[in-house]
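Engineer: Need the 3D shape of this:
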Amino acid sequence: MQERLRKYKASIFQALSHPTRIAILEVLRDRELSAGPFRRSWGRAGEPVAAPGDSEKPSDCGQPQGRQPGLLFHPNPVLVEVLDLMRRYFQTNLADAIQMLEEVGSEASDR
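Structural biologist: Residues are numbered from 1 along each chain as shown. Predicted coordinates:
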């Protein structure tokens, strides 16, 4: 059972592993859009709807159960929360890395 759960968790991270999918989740984080308005909104941002060779639908990262696929795009709120947590994680680690670089820089100038 543990192995199946790990594979399931890995599949979620795999779905989030493409920058375009993350951008789509960010665009849709607070609203539902049908395909037409989504494409118009996405096009105004100057970004492609899908990456070259990426045949997966944007809704693969959280199309709610019970919805007719392709009509409305809205990410699972839990996935949006995961992205928010990842942003906090990156910000924390970036702050730590900057502090270490400053310390290394001051040590080098002391020599």
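Engineer: How about the secondary structure of the spatially most central residue of the chain?
Structural biologist: Nearest to the mean C-alpha position of the chain, counting by CA atoms, centre = their mean, stands residue 22 at 2.6 Å. Assigned by DSSP: H, G, I helix; E, B strand; the rest coil, the conformation of residue 22 is helix.
Engineer: Show me the shaky parts of this structure.
Structural biologist: 41-72 (pLDDT under 70).
Engineer: Wait, residue 82 touches residue 16, no?
Structural biologist: Yes - the criterion here is CB atoms under 8 Å, and residue 82 meets it with residue 16 at 7.4 Å. Any C-beta I mention is one placed from the backbone N, CA and C, and that applies to glycine too.
Engineer: separation between residue 24 and residue 40?
Structural biologist: 14 Å (CB to CB, to the nearest Å).
Engineer: same deal with residue 28?
Structural biologist: For residue 28 relative to residue 40 (CB to CB), the value is 14 Å.
Engineer: Looking at the chain, which helix is longest?
Structural biologist: The single longest helix within the chain, with elements called by DSSP state H, is helix 77-110.
Engineer: Return the set of buried residues in that one.
Structural biologist: Residues of helix 77-110 classed as buried: 79, 80, 82, 83 (neighbour count, 16 or more other CB atoms under 10 Å).
Engineer: One more: stretch 8-19?
Structural biologist: For stretch 8-19, by 16+ other CB under 10 Å, it's 15, 16.
Engineer: Return that stretch as PDB; C-alpha atoms alone will do.
Structural biologist: Output in PDB follows, covering the C-alpha atoms of stretch 8-19 (Å, rounded to 0.1, in the frame of the first residue of the first chain):
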ATOM      1  CA  TYR A   8       0.300   8.500  -6.500                       C
ATOM      2  CA  LYS A   9       2.200  11.300  -4.700                       C
ATOM      3  CA  ALA A  10       4.900  11.200  -7.400                       C
ATOM      4  CA  SER A  11       2.300  11.500 -10.100                       C
ATOM      5  CA  ILE A  12       1.000  14.700  -8.500                       C
ATOM      6  CA  PHE A  13       4.400  16.200  -8.500                       C
ATOM      7  CA  GLN A  14       5.000  15.000 -12.100                       C
ATOM      8  CA  ALA A  15       1.800  16.800 -13.100                       C
ATOM      9  CA  LEU A  16       3.200  20.000 -11.500                       C
ATOM     10  CA  SER A  17       6.700  19.500 -13.000                       C
ATOM     11  CA  HIS A  18       6.100  21.600 -16.100                       C
ATOM     12  CA  PRO A  19       6.400  25.400 -15.900                       C
END
